[in-house]
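Student: I would like to see how this sequence folds:
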Amino acid sequence: MITIRLNAEDVGRIRFALSPVWEAVTSVRALSNNTARSVHGPWLQKVRPIIEGPDLTLLKALIPSFGYIPDFITPAPPRRSTSLESGLAAIAATPHDLVVNEIGRLHRHNPHPLLPDLIDNPAKALDLITSALETYWRRALEPDWRRMRALLQEDLAFRLDELASGGIERLFRNLHPSVRFSGDRIDIDRPFACDGEPLAGQGVLLVPCVFTWPAALPVSEAPHVPTITYPPRGLGRLWEDRQDATESPLADLVGRTRAAIVSHLDLPMSTTHLAHQLGVSAPTLSVHLSILRNAGVVDSRRDGRAVLYYRTSLGNQLLIASTPLASTA
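Tutor: Numbering: from 1, shown residues only. Have a look, this model is predicted:
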């Protein structure tokens, strides 16, 4: 059991963020712990042939299939949405004594022949780690990041609604089965205990993370910001093949472009992202989206500066009814 103790200031500073670096780190562990038949099976089959090499070897030494991961390679994002580059910059700025302490702890728990050299030269270690993470990200995750980010944003919207409608207790009640909020503490049911305590007054950071599945993973020791990552809702949809509705009864009804829009919005997307996916101009797409929204087939919500469009329940019903299976049943 891991416990994060809270004072009144901590409770008032509970916040959410997305982290490309967290996704990269936890996806390395997913490579070891998932199979082709798991929820991440389609991703595994796609990336395994293209990611082998010294960078992945180094990352696997730092991110074993079980147990402790050095906390400095999962820095707390300062804002709700951040970039890979800012995460790598935060890792590169890690104090050298912290690098030595945390990699040393890892080596005691999961010895690996690459780790002693990293401990002996922390400055070089930071260069190697950030370079390896960036190379791995470009190959393994960047091609799917927009889709992953849409799923994470959808989860954040749901969690913030939960917080607004039912408060902190409701938020944590539905966050993850292993996480319990008890007013002055958060308990995370894990098969190990925490060796230290976080600094008071830093709040708690909640990070939805695709590759955390099926666990919730905490960071709870000083000097790091207390952080809990958890799998987002709707994860099973992430790697599903998108249904092509351009040759369907729905296309006959609303036109091929609008049918394609409806089929692509299985996860929320911005106009720019959707225009790129469909190969149409943003002004043309906006006209179609306006018509679909007025008909109640799609809707939108704001996320920071972006407006995200998503399929409504009516849109889902129309898409399901237009499938070959449904039309021949």
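Student: how much space separates the nearest residue to Tyr68 once chain neighbours are set aside from Pro232?
Tutor: Leaving aside its sequence neighbours, Tyr68 sits nearest to His109 (C-beta to C-beta, 6 or more residues apart in numbering; 5.2 Å). No exception for glycine: its C-beta is placed from N, CA and C like everyone else's. Counting by C-beta to C-beta, to the nearest Å, the gap from His109 to Pro232 is 29 Å.
Student: those two - which one has more neighbours?
Tutor: Each of His109 and Pro232 has its neighbours counted (other C-beta atoms under 10 Å); Pro232 has more, 23 against 12.
Student: does that one touch Leu151 like I think?
Tutor: Yes. Using C-beta atoms under 8 Å, Pro232 makes contact with Leu151 at a distance of 5.6 Å.
Student: what touches both of the two?
Tutor: Here Pro232 and Leu151 have Val210 as joint contacts, going by C-beta atoms under 8 Å, 6 or more residues apart in numbering.
Student: in the stretch 101-250 of the chain, which spans are strands?
Tutor: Ranges of strands in the stretch 101-250 of the chain, per DSSP state E, counting those that start in this stretch, are 179-181, 185-188, 204-208, 217-219, 227-230.
Student: residues making contact with the second one?
Tutor: Under the contact criterion C-beta under 8 Å, 6+ apart, strand 185-188 has outside partners 1-6, 172, 178-180, 204, 216, 218, 220, 228.
Student: please apply the same query to the third one.
Tutor: Under the contact criterion C-beta under 8 Å, 6+ apart, strand 204-208 has outside partners 4, 6, 10, 13-19, 22, 76-77, 152, 155-156, 159, 175, 186, 225-232.
Student: kindly report the same for the last one.
Tutor: The set of residues external to strand 227-230 that reach it, using C-beta under 8 Å, 6+ apart, is 4, 22, 26, 74, 76, 175-176, 179, 186, 188, 204-209, 212, 216-220.
Student: returning to what we had before: what score does the residue nearest to Tyr68 have for pLDDT?
Tutor: Predicted confidence (pLDDT) for His109: 90.
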